[in-house]
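Chemist: Pasting the sequence and the predicted coordinates here, then a few questions.
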Amino acid sequence: MVEEKKDRINNNPGLPPIQQNRPALSWESKVKKKVRAPSCLGMFRPVMGQCCHQCTPDSLGKKLGQNSFLGFRNLLSINETQTRYRGWLVRRVCCILFVSGCKVYGSPVSDRLKRVGQSNRVREVLGATHKAPEGEDSQGQLSLLSPFLPLISTCISPGLIRFLSWVMLKMFASVFGSIQVNKNHLPALDRAAQEGSPLVYVYVRQSALDCALIPLVLFCHSLRVPYTVCPLHIKSSFLRSILQKVGVVLLPSSAATELEAEMHPLYSAVMTSLVRELLHEGQALSVGVSAESGHGGQWLARIRQLIKEGSVPDVSLVPVGISYDCVTTTDVKVGLHSVLQWLLSLLWKKPVGSVMIHIAQPFSLKEMCESGRCRVDEWLPLQDLLLPVVLNNRADCVFGNRRMSWLLPAFRSAPEPEEKSRSDRDLNVAIVLHLIYSAASCTAVMSTSLVSSLLLYKHSKGVSTSVLCRDVAWLLEELFFRNRDVGFGGTLPEIVHYSLCLLAPHLVIAAMPLGKDPIVVPRPSFSSIIHLSLQAQKVTHAFILEAVGACAVSAMLCEVVFSGASSRVRTDGAKGEEVRGDMEFDVVLGQSELTEKALQLCHLLPPGMMPPCQSAQSFALDAVDSLVRCGILVMEEIPRDVPICDFWKKEGTLTWATSDDPYHSDSDCEEPDLCSYKISQPRQCPEMLFFFCRMLAGHLRALCWTTAALDGMDSPLAEAEFLSQIHSHLRDTANQKKRHYESCSEEAAHTAVRALIDLGVLLQKRETGGIFLGVSPLFQLSENRQKLQRFISQYLYN
């Protein structure tokens with residue numbers, strides 16, 4: 001960690017303070033005048049991006065460039081000091097000189113088509129799909145690869161790379177105020193490349209700009225520019241030819257989506273062979289994965305298959321976290337006309353926001369797979385984990401982790417896999433999950449994310465700027481405590497003022513008279529709430545332990561309320577206190593029941609929220625402990641004269657004994673050190689508890705509304721039509737209630753439907769027209785749907 005000055009947040013030469021280059025409005029000047037920064041804020045900069053100590057300890061031991069903080073670099077700030085020349089003319093053409101001086105590793109195609117066509121994998125598929133007639137040579141079969149010839153011929157032209165990098169630097173300078181790069185792990189990338197292990201950069205898909213930012217960062221640091229897997233559908237042949245000469249692997253021109261491309265019988269075999277040839281050449285790859293649909297994971301599965309076969313010795317995986325001040329939206333279908341129109345609009349556009357890029361420490365994929373540390377033997381279907389609890393057939397949980405096989409979509413119909421094939425598939429899914437979590441963990445939290453989360457989850461009815469600044473300071477220190485970095489610098493008034501300026505279209509800001517603080521209220525519209533919710537997701541990821549623990553506490557408090565006012569509460573045999581009608585927090589919560597509630601909620605979390613190498617039981621225990629650390633819960637001892645029947649002891653989770661005890665018996669753990677918790681009484685504690693509860697409320701509410709929508713659904717329906725109807729229902733429900741718009745986004749609808757499929761509420765059927773979804777016979781009964789709604793809604797505190 002690097003010590004910082006006390007009067008600024010993240011004061012670093014590579015990360016300049018936030019600058020304001022336009023005249024301030026009335027409310028803006030009041031923000032700057034009324035707010036004072038705290039005396040001590042952001043004293044340390046966390047070290048982010050270290051690889052997993054459990055799955056890849058050998059890679060973790062290679063700490064290169066982490067003993068000293070190397071600072072940040074703004075890619076858009078290019079001056080004559082970054083060239084070999086000096087002078088008046090150099091200052092005006094320094095960007096061209098800088099680009100011409102960067103090192104580029106060329107990649108000629110040579111005989112790649114022949115090598116791909118002669119690979120055993122492609123020849124087997126060709127032999128199965130096309131039986132060559134008598135006398136036809138191999139050239140005839142190679143002609144079947146003609147639709148994939150442009151993809152196989154993708155190369156890296158040094159001259160074109162330099163030109164497009166110069167264009168992108170100029171273009172991004174019109175879009176963003178700065179593009180900051182954390183330089184801490186760049187020496188490790190150089191070292192890994194020198195050791196001969198190809199690098200594979202993995203990021204979570206947010207925007208089409210991600211595909212351009214990563215190669216630009218590596219080019220500006222004279223590292224090998226990777227071949228970039230781009231899932232965009234580009235029709236223009238001119239754009240396709242240019243992109244394919246700078247290492248962009250596009251979809252086939254005949255396929256509009258990844259699903260259509262993967263359905264082709266030759267596509268998977270050709271792409272696997274292409275990846276093999278690129279890795280043999282020592283080329284780097286850049287792959288984006290989607291936590292919503294799982295697309296992108298098939299490329300990681302191909303790489304692992306090559307390592308398993310021995311075709312490739314090993315690769316180094318590098319998670320990359322990219323943060324935007326503003327949520328960027330790009331069209332999936334890119335054409336020449338739309339690109340030219342967008343570039344023309346940049347001439348009148350002022351740069352808004354900034355980008356922060358964290359490149360994590362590389363780790364060995366072979367070590368992760370073959371060491372046996374990344375275990376998937378406890379993975380179970382979600383319906384086995386939760387359905388008995390939901391339908392009240394069993395009171396306790398089944399221990400295990402949720403299987404998310406859909407993160408690696410089966411694009412083509414295949415027979416039921418054997419047990420070994422299922423284990424391999426689960427390991428591939430675990431790799432995808434691990435990289436999604438690692439990329440999200442090394443993503444910096446932007447100032448707009450802090451303000452958005454506070455406005456959504458704590459001050460949804462409005463807040464004064466002085467209170468907002470106080471809460472930003474508190475939330476910032478909590479982020480640093482959890483080893484999360486931020487992507488901004490400057491004093492607290494500058495940061496809050498900058499965030500409010502960027503979020504102004506989505507806020508209602510009232511300038512109060514007589515020198516009072518301006519009031520900030522989220523704009524109650526669908527687009528505004530969705531924008532704030534997307535920004536706040538990074539804060540939710542950082543506080544996921546506290547959010548799960550707070551929702552578990554909320555569920556137990558709901559049970560207390562429904563049990564009746566002025567009654568004695570007994571939890572785990574511990575004597576509770578009086579619960580008055582006004583619901584004071586003078587309640588004793590047992591450790592086992594509280595942890596059980598947290599464990600059940602863990603299974604409903606979206607992918608990427610918890611590391612797959614950690615068991616759900618351990619995560620639930622950490623969630624409860626996190627509430628103790630932040631002061632929401634206070635631990636109490638349970639009197640020994642109270643009869644205790646502990647859930648966790650019954651399951652054998654926390655039982656142990658010394659191995660050298662000759663008189664070992666099952667009675668060694670008859671009296672475990674159990675404890676109970678009480679909610680602390682300080683005035684701000686309930687407010688903090690509800691703040692953490694609201695972080696998961698959008699996801700849980702979407703699940704409840706989706707379950708309610710099944711009453712009037714005609715099923716089975718095609719998957720796309722089913723998702724469209726669910727999304728429409730969520731929007732209609734939010735519009736009717738005039739709130740909770742964060743629960744009706746497309747992502748929320750997709751995640752909710754996927755959770756119901758895993759729960760067994762919805763059944764998938766593969767038919768000729770595609771995949772159809774229908775309600776299972778068990779949940780066609782309204783009673784069972786109501787039980788599921790009650791189970792989910794118990795975690796909503798209100």
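Modeler: Now that the structure is in, tell me what you want to look at. Just so it is clear, the structure is predicted and the values come from calculations on it, not from any experiment.
Chemist: okay, CA-based contacts and neighbour counts for the rest of this
Modeler: Noted.
Chemist: list the buried ones in the strand or helix carrying Leu279?
Modeler: Using DSSP states H and E, Leu279 sits in helix 267-280. Neighbour-count burial for helix 267-280 flags 267-279 (criterion: 16 or more other C-alpha atoms under 10 Å).
Chemist: same question, stretch 711-722
Modeler: For stretch 711-722, the buried set under the neighbour-count rule, 16+ other C-alpha under 10 Å, comprises Pro716, Leu717, Ala718, Glu719, Phe722.
Chemist: Dump the buried residues of helix 267-280 to TSV, plus distance to Gln780.
Modeler: Listed next are the buried residues of helix 267-280 as TSV, based on distance: C-alpha to C-alpha, whole Å:
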residue	distance to Gln780
Tyr267	40
Ser268	39
Ala269	42
Val270	44
Met271	43
Thr272	43
Ser273	46
Leu274	47
Val275	46
Arg276	48
Glu277	51
Leu278	51
Leu279	51
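Chemist: I'd like those as TSV, with distance to Ile529 and pLDDT appended.
Modeler: Formatted as TSV, the buried residues of helix 267-280 follow (distance: C-alpha to C-alpha, whole Å; pLDDT from 0 to 100):
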residue	distance to Ile529	pLDDT
Tyr267	40	91
Ser268	40	90
Ala269	43	91
Val270	43	92
Met271	40	93
Thr272	42	93
Ser273	45	93
Leu274	43	93
Val275	41	94
Arg276	45	94
Glu277	46	93
Leu278	44	93
Leu279	44	93
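Chemist: For the stretch 251-400 of the chain, which segments are assigned as strands?
Modeler: Secondary structure of the stretch 251-400 of the chain by DSSP state E, counting those that start in this stretch: the strands cover 285-289, 316-324, 333-334, 354-359, 363-364, 379-380.
Chemist: Minimum distance to Ala256: which of these has it?
Modeler: strand 333-334 (8.4 Å; C-alpha to C-alpha).
Chemist: Please flag which of the buried residues of stretch 711-722 sit within strands.
Modeler: Leu717, Ala718 (DSSP state E).
Chemist: Leu627: which of the buried residues of stretch 711-722 is nearest?
Modeler: Phe722 (39.0 Å).
Chemist: quick one: contacts for the closest one?
Modeler: Leu773 (C-alpha atoms under 8 Å, 6 or more residues apart in numbering).
Chemist: The helix holding Leu279 vs strand 285-289, what angle?
Modeler: Following axes from the mean of the first three to the mean of the last three C-alpha atoms, to 10 degrees, one obtains 140 degrees for the angle between helix 267-280 and strand 285-289.
Chemist: And the contacts of helix 267-280?
Modeler: Contacts of helix 267-280 (C-alpha under 8 Å, 6+ apart): 112, 115-116, 119, 121-122, 125, 148, 152, 198, 261-262, 284, 302-303, 306, 311-312.
Chemist: In whichever strand or helix holds Ala473, which residues are buried?
Modeler: Applying DSSP H and E as the criterion places Ala473 in helix 465-481. For helix 465-481, a neighbour-count test (16+ other C-alpha under 10 Å) marks 465-466, 468-473, 475-480 as buried.
Chemist: again, but for stretch 613-633
Modeler: Here stretch 613-633 shows 613, 615-617, 619-628, 631-633 as buried, counting by 16+ other C-alpha under 10 Å.
Chemist: quick revisit: list only those of the contacts of helix 267-280 flagged as buried.
Modeler: Using 16+ other C-alpha under 10 Å, the buried ones in the contacts of helix 267-280 are 112, 116, 119, 121-122, 125, 148, 152, 198, 261-262, 284, 302-303, 306, 312.
Chemist: Now Ser615. Nearest residue, chain neighbours left out?
Modeler: Asn401 (6.4 Å; C-alpha to C-alpha, 6 or more residues apart in numbering).
Chemist: Where is the longest helix in the chain?
Modeler: The single longest helix within the chain, with elements called by DSSP state H, is helix 419-441.
Chemist: CA-only coordinates of that helix, as PDB, when you get a sec.
Modeler: Taking Å, rounded to 0.1, in the frame of the first residue of the first chain, the C-alpha atoms of helix 419-441 are listed here in PDB:
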ATOM      1  CA  GLU A 419     -20.000 -37.900 -15.400                       C
ATOM      2  CA  LYS A 420     -16.500 -37.100 -16.500                       C
ATOM      3  CA  SER A 421     -17.800 -34.700 -19.200                       C
ATOM      4  CA  ARG A 422     -20.000 -33.000 -16.600                       C
ATOM      5  CA  SER A 423     -17.000 -32.500 -14.300                       C
ATOM      6  CA  ASP A 424     -14.900 -31.000 -17.200                       C
ATOM      7  CA  ARG A 425     -17.800 -28.700 -18.000                       C
ATOM      8  CA  ASP A 426     -18.200 -27.600 -14.400                       C
ATOM      9  CA  LEU A 427     -14.500 -26.900 -14.300                       C
ATOM     10  CA  ASN A 428     -14.800 -24.700 -17.400                       C
ATOM     11  CA  VAL A 429     -17.700 -22.900 -15.800                       C
ATOM     12  CA  ALA A 430     -15.700 -22.400 -12.600                       C
ATOM     13  CA  ILE A 431     -12.900 -20.800 -14.700                       C
ATOM     14  CA  VAL A 432     -15.400 -18.400 -16.300                       C
ATOM     15  CA  LEU A 433     -16.900 -17.600 -12.900                       C
ATOM     16  CA  HIS A 434     -13.500 -17.000 -11.400                       C
ATOM     17  CA  LEU A 435     -12.500 -14.600 -14.100                       C
ATOM     18  CA  ILE A 436     -15.800 -12.700 -13.900                       C
ATOM     19  CA  TYR A 437     -15.300 -12.300 -10.200                       C
ATOM     20  CA  SER A 438     -11.600 -11.400 -10.600                       C
ATOM     21  CA  ALA A 439     -12.300  -8.800 -13.200                       C
ATOM     22  CA  ALA A 440     -15.000  -7.300 -11.100                       C
ATOM     23  CA  SER A 441     -12.900  -7.300  -8.000                       C
END
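Chemist: how about the helices in the stretch 501-650 of the chain?
Modeler: Using DSSP state H, counting those that start in this stretch, the helices of the stretch 501-650 of the chain run over residues 526-542, 544-562, 591-602, 616-629, 647-650.
Chemist: In terms of secondary structure, what does the following helix or strand past the shortest one contact?
Modeler: When you say that, I think you mean helix 647-650. Toward the C-terminus, helix 647-650 is succeeded by strand 675-679 as the next helix or strand (DSSP H and E). Judged by 3 or more C-alpha pairs under 8 Å, 6 or more residues apart in numbering; DSSP states H and E, the packing partners of strand 675-679 are strand 588-590, helix 591-602, strand 633-637.
Chemist: If we ignore the residues flanking it in sequence, what's nearest the residue most central in space within the chain?
Modeler: Residue closest to the average C-alpha location in the chain (C-alpha atoms, centre = their mean): Ala440, at 4.4 Å. Spatial nearest neighbour of Ala440, excluding adjacent residues (C-alpha to C-alpha, 6+ apart): Gly321 at 6.2 Å.
Chemist: Would you mind checking which of the buried residues of stretch 711-722 is nearest to Glu370?
Modeler: Closest to Glu370, out of all of those and judged by C-alpha to C-alpha, is Glu719, at 36.9 Å.
Chemist: what stretches of the stretch 301-450 of the chain score poorly on pLDDT?
Modeler: For the stretch 301-450 of the chain, applying pLDDT under 70 flags the ranges 328-348, 393-398, 411-420.
Chemist: can you check the stretch 501-650 of the chain too?
Modeler: 514-515, 563-586, 637-650.
Chemist: switch the cut-off to 90
Modeler: 509-518, 556-593, 607-608, 611-615, 630-650 (pLDDT under 90).
Chemist: and the strands of the stretch 251-400 of the chain as JSON lines, adding distance to His541 and mean neighbour count?
Modeler: Formatted as JSON lines, the strands of the stretch 251-400 of the chain follow (distance: least, C-alpha to C-alpha, whole Å; neighbours: other C-alpha atoms under 10 Å):
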{"stretch": "strand 285-289", "distance to His541": "17", "mean neighbour count": "25"}
{"stretch": "strand 316-324", "distance to His541": "13", "mean neighbour count": "26"}
{"stretch": "strand 333-334", "distance to His541": "30", "mean neighbour count": "14"}
{"stretch": "strand 354-359", "distance to His541": "16", "mean neighbour count": "24"}
{"stretch": "strand 363-364", "distance to His541": "22", "mean neighbour count": "24"}
{"stretch": "strand 379-380", "distance to His541": "22", "mean neighbour count": "17"}
